[in-house]
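Visitor: coordinates only, sequence not included:
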């Protein structure tokens, strides 16, 4: 049988685990957005320096 202290400790541990998981997920989204931005900038630079007329890439390049 679990004691009150044990149950309280378990609840606190679950709360901390959720906080950490939420922070990891937030940071993951920031990294994904940064990666998308950098790859889009690289794609735009390559497209602007490429002489190929059939370059295929997604998104819009800011000019």
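Guide: Ah, there it is. If you're wondering where the values come from, they're calculated on a predicted model, not measured in any experiment.

Visitor: Mind telling me what element residue 39 is part of?
Guide: Using DSSP states H and E, residue 39 falls within helix 4-49.

Visitor: Residue 2 now?
Guide: With DSSP H and E as the criterion, residue 2 is inside neither a helix nor a strand.

Visitor: how near is it to residue 15?
Guide: Going from residue 2 to residue 15 by C-beta to C-beta, to the nearest Å gives 17 Å. C-beta here means a position set from N, CA and C on the backbone, and glycine is covered the same way.

Visitor: How about residue 38?
Guide: Counting by C-beta to C-beta - residue 38 and residue 15 are separated by 35 Å.

Visitor: can you check residue 7 too?
Guide: From residue 7 to residue 15 the distance is 13 Å (C-beta to C-beta).

Visitor: for residue 3, phi and psi?
Guide: phi -90, psi 160 (degrees, to the nearest 10).

Visitor: Which pLDDT value does the model give it?
Guide: Looking at residue 3, its pLDDT reads 92.

Visitor: where in this structure is pLDDT low?
Guide: The model of the chain has pLDDT under 70 over residues 1, 51-60, 62-63.

Visitor: Nice, that's everything, thank you.
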